[in-house]
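[1] 3D, please:
(one chain, ligands or ions: 2)
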Amino acid sequence: MAAPKRNYPQSNGKDPKQQKRRLRQLAREAGERAYNGNGASPNPPPLPKEDDGKGLGTLFSHPYGALPYGNIFMSSSDAVRQNGLGDMRCLNDEQVVSVLQFVGAKDLSNAVLSSRFLYVTGHHEELWRDLTLRKFGSTGFDFQSSWKDTYVHAELKGRDELNIFCEHKPISIDGIYSDTFFRSWLCRSFALQDSWLAVNTVCTENAKDLTTERFLSEYEEKNIPVVVKGATTFWPASQKWDKDYLLEQTKDVTFRATSAVAPLPAQFTMESYSNYCDSATEEAPLYLFDRTFAKSCPTLLSDFAGPLKNSCPFFDDEAAHGHDLFSLLGNGKRPDHRWLIIGPKRSGSSFHIDPNCTHAWNAPIRGRKRWIFYPPGVSPPGVFPSSNGDDVIMPISLAEWFLSHWNDHVKQRSNPDKSRRPLECTVNPGEILFVPHGWWHCVLNLDDGMSVALTQNYVSKSNLPDVLRFLSKRPQQISGCRDRREAIQPDELLDKFMARMEEERPALLKNALEESKKGWQCAAWVDDVAECTVAKKEDKKMKSSVLERARMKSQNGFTFAGDSTENDSKGSQSGFSFSFL
Ligand SMILES: O=C(O)CCC(=O)C(=O)O
Ligand SMILES: [Fe+2]
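    Ligands and ions are numbered 1, 2, ... in the order given. From the prediction side, this is the model:
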């Protein structure tokens, strides 16, 4: 395993002997710290710093001391890596992490003791998250302040050793130059920039001034988003849903949370998920997207379902204007349509189009949400739908999208063709957002603690022609029913829906079928694949490099959006396959 002798750059002018002495000293100190108590460092890394007074904090240094690779040129050596990896040094850092993904908890714990570089690599949060989810994901676990502690805690549960369990404290190591570790850290701890929140181009209305007629004619029929202010302020949900209430109402219930980059979903109690939201820092946090809460926690449903009819009559499920036509299929049989969404700061939904050609509303109850919309048929930067629309590739996390595609996004704001410009807004508790069908959107949760929201998807008169066309032309993209036996399956959905419409709303059906024959009314879907905007020449070069990256990431455990195991619901965080075309 001995590394070959090499001359390392001496750019900082330090004496190599002195350097060696320093490293030996460091190793001795690290050994002493490990011996003296669970690896606790006498010099813990800097604590999170609130830098702008608005609660949008920055964690500014990597807890294990990793620096971007470029810093190596200011250093005298990369011996920490070379010596620490031995024969594995020919692998790049992502590959080293991939190798460690095959290692069990015991071996990983031993690996972290074998060198400073493996100490840092072996504490990569995602490795311990995956071990935890594989072993305890389906039975549940109490989230501690890190995934490693969570694993150890779950493993020791019920055993005497739990009494001597103490929190792991990272040791900051000199000489770790790694874009892999630094980028991942940046993506979980970046400060939310003021400029990301500065532009608000989505229309707004006051609930008291917005009649159903105006909502339908000015927004739903034109298929444009709108934020309705003061719409949910008096919902019992808005008044009551603090942490204690949610814990009380959800006792004995577990919720599923997923992340497109995690190998498996996790079952959380609300208490454990709340702890997770308070302390987890991950690039793509597990997002609680629960479609069963109305059944498992009926009080939560009653805290908004009735009041919605009064405060937002245009979203009333039973309104005469034919809102929520899928309800004719019957509860349980219809595709999933209602979700409780909870996540920590920086969690959210990567770019997607909502399922089955539906419209939606989304109401944040606790915590603000930042929304970015791209019009139907205009792919957001960094997002590549396949030409048949079955798959959507967004090989990076939501965090990395903000960090790396922001400038492209800003350019799109001044696209000479106004109809291709994105729209954006921050939605606050008390407000409700209309999400029209076919629009791409991504959502970032902005505030500390648990962000809690409700969302419901629907088919109404305005999108019925497109929905009928979608069910007939894109059956492979139908979602929200495949993993539930009682639900109507994709091959029957169109027939059963038309039959129920024929019984209950024959005139509406007749009209919609006529319209539907004329073609798609929303540019998100076209019949001729050649017309697909993403196939345009200028996108091609970019697309192939992104595909290559996505391929590499998928080998390293990242998923293609279309590969999501959650191909069947709205909420798999960045694993969306909701379709285009
Ligand atoms: O993360 C969120 O709150 C947004 C979810 C979403 O995309 C939706 O409700 O359509
Ligand atoms: Fe959505």
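[2] so how far is ligand 1 from K243?
    18 Å (Cβ to the nearest ligand atom, to the nearest Å). Any C-beta I mention is one placed from the backbone N, CA and C, and that applies to glycine too.
[3] I misspoke; the intended subject was V228.
    V228 is 15 Å from ligand 1, by Cβ to the nearest ligand atom.
[4] what helices and strands are in contact with the helix or strand encompassing that residue?
    Assigned by DSSP states H and E, V228 belongs to strand 226-229. Helices and strands touching strand 226-229, as assessed by 3 or more Cβ pairs under 8 Å, 6 or more residues apart in numbering; DSSP states H and E, comprise strand 203-206, strand 432-435.
[5] what lines up beside it in the sheet?
    Strand pairing for strand 226-229, using DSSP bridges, gives strand 203-206 (parallel), strand 432-435 (antiparallel).
[6] export it as CSV, just CAs?
    C-alpha atoms of strand 226-229 as CSV (Å, rounded to 0.1, in the frame of the first residue of the first chain):
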residue,chain,number,x,y,z
VAL,A,226,-51.8,33.3,-9.2
VAL,A,227,-51.1,33.8,-5.5
VAL,A,228,-54.2,34.5,-3.5
LYS,A,229,-53.4,36.5,-0.4
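[7] contacts for it next, please.
    Outside strand 226-229, the residues that touch it by Cβ atoms under 8 Å, 6 or more residues apart in numbering are 202-207, 210, 215, 218-219, 312, 425, 427, 430-434.
[8] how many neighbours does D160 have?
    7 (other Cβ atoms under 10 Å).
[9] going forward, begin numbering at 134 instead of 1
    Sure, I'll start counting at 134 from here, so that last one is D293.
[10] what about it, distance to ligand 1?
    Distance, D293 to ligand 1, by Cβ to the nearest ligand atom: 42 Å.
[11] please apply the same query to H195.
    Distance, H195 to ligand 1, by Cβ to the nearest ligand atom: 28 Å.
[12] looking at the helices and strands packed on strand 359-362, which is nearest to R501?
    strand 565-568 (11.6 Å; Cβ to Cβ).
[13] can you name the next helix or strand after the closest one?
    Sequence-wise, the next helix or strand downstream of strand 565-568 (DSSP H and E) is strand 573-578.
[14] surely G255 meets V232?
    No: using Cβ atoms under 8 Å, G255 is not in contact with V232, being 10.9 Å away.
[15] between these two, tell me which one has more neighbours.
    Shown here are G255 and V232; by other Cβ under 10 Å, G255 has more neighbours (24 against 12).
[16] which SS class is the closest residue to H456 other than its chain neighbours?
    Spatial nearest neighbour of H456, chain neighbours left out: S593 (4.9 Å); criterion: Cβ to Cβ, 6 or more residues apart in numbering. Under DSSP: H, G, I helix; E, B strand; the rest coil, the three-state class of S593 is coil.
[17] let me have the helices and strands packed on strand 359-362 in TSV, extended by mean neighbour count, distance to A244 and mean pLDDT.
    As requested, the helices and strands packed on strand 359-362 are exported to TSV (neighbours: other Cβ atoms under 10 Å; distance: least, Cβ to Cβ, whole Å; pLDDT from 0 to 100):
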stretch	mean neighbour count	distance to A244	mean pLDDT
strand 336-339	14	54	98
strand 565-568	23	46	98
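[18] gap between the residue in the stretch 184-333 of the chain that ligand 1 sits nearest to and E415?
    Residue nearest to ligand 1 within the stretch 184-333 of the chain (Cβ to the nearest ligand atom): L325, separated by 15.4 Å. Distance, L325 to E415, by Cβ to Cβ, to the nearest Å: 16 Å.
[19] which parts of the stretch 484-633 of the chain sit against ligand 1?
    Neighbours of ligand 1 within the stretch 484-633 of the chain, by Cβ under 6 Å from any ligand atom: D487, A493, N495, K502, V568, H574, V576, A586, T588.
[20] verify the contact between the fifth one and A496 for me.
    What that stands for is V568. No: in this structure V568 lies outside contact range of A496 using Cβ under 8 Å: 11.1 Å.
[21] W368 is nearest to which of the helices and strands packed on strand 359-362?
    For W368, the closest of the helices and strands packed on strand 359-362 is strand 565-568, at 9.6 Å, according to Cβ to Cβ.
[22] keeping just the C-alphas, turn the closest one into PDB.
    This file holds the C-alpha atoms of strand 565-568, laid out as PDB (Å, rounded to 0.1, in the frame of the first residue of the first chain):
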ATOM      1  CA  ILE A 565     -52.600  29.900  -1.600                       C
ATOM      2  CA  LEU A 566     -51.100  29.300  -5.000                       C
ATOM      3  CA  PHE A 567     -52.800  28.100  -8.100                       C
ATOM      4  CA  VAL A 568     -50.400  25.900 -10.100                       C
END
